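Asks: Quick one, structure for this:
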Amino acid sequence: MSYAFYKIIHVVSIVLFFSLYMSATIKKENIKKEVILTGIALVFILVSGFGLIARIGIAHGAGWPLWLKFKVAIWVFVGMFGHIVLKRFPKFSPKAFWILFAVLGCASFLANYKPF
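Replies: Numbering: from 1, shown residues only. Modelled structure (predicted):
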């Protein structure tokens, strides 16, 4: 599949994840469907991200650049933190959304500028 295809899936999945997370934040009750769908969106983000990695020329088994390690760490944090807050601390989920949104900005910066 092409780079553009993976990029579209990646970006749409990120938008879907944050939309569903905000929906769960606003509803506060009966959010099981949103939590499941955010998890599915995270899987699409992961799969399309690895497709993008392959398309930019980083070979399977090759060492990852530092920016990529940070980006994967950011998405692991986003997935874990987002779901933990929704499940255990729902009253903090609006603040968590904005924290995750700021972290998204960092991930976007790393993906676009590849500083390291």
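Asks: Surely residue 39 is in contact with residue 82?
Replies: No. Using Cβ atoms under 8 Å, residue 39 is not in contact with residue 82, being 9.6 Å away. No exception for glycine: its C-beta is placed from N, CA and C like everyone else's.
Asks: Have a look at those two and say which one is more surrounded.
Replies: residue 82 (26 against 14; other Cβ atoms under 10 Å).
Asks: Contact partners for the more buried one?
Replies: 21, 38, 96, 100 (Cβ atoms under 8 Å, 6 or more residues apart in numbering).
Asks: Who are the contact partners of the most centrally placed residue in the chain?
Replies: Centroid-nearest residue in the chain: residue 75, 4.7 Å away (criterion: Cα atoms, centre = their mean). Applying Cβ under 8 Å, 6+ apart, we find residue 75 in contact with 42, 45-46, 49, 107.
Asks: Can you tell me which of these end up in strands?
Replies: With strands taken from DSSP state E, there is no overlap with the contacts of residue 75.
Asks: Please identify which of these is nearest to residue 64.
Replies: residue 49 (11.8 Å; Cβ to Cβ).
Asks: Would you check that the closest one makes contact with residue 13?
Replies: No. Taking Cβ under 8 Å as the definition, residue 49 is not a contact partner of residue 13, at 9.0 Å.
Asks: gap between the residue nearest to the centre of the chain and residue 9?
Replies: To residue 9, residue 75 is 15 Å away according to Cβ to Cβ, to the nearest Å.
Asks: Residue 72 now?
Replies: Taking Cβ to Cβ, one finds residue 72 at 17 Å from residue 9.
Asks: Which of the contacts of residue 82 fall in helices?
Replies: In this view, the contacts of residue 82 that belong to helices under DSSP state H are 21, 38, 96, 100.
Asks: Spit out the contact partners of the residue nearest to residue 22 when sequence neighbours are not counted.
Replies: Nearest non-adjacent residue to residue 22, counting by Cβ to Cβ, 6 or more residues apart in numbering: residue 97, 5.8 Å away. With contact taken as Cβ under 8 Å, 6+ apart, residue 97 is in contact with 18, 21-22, 25.
Asks: Try it again at 10 Å.
Replies: 18, 21-22, 24-26, 82, 85-86 (Cβ atoms under 10 Å, 6 or more residues apart in numbering).
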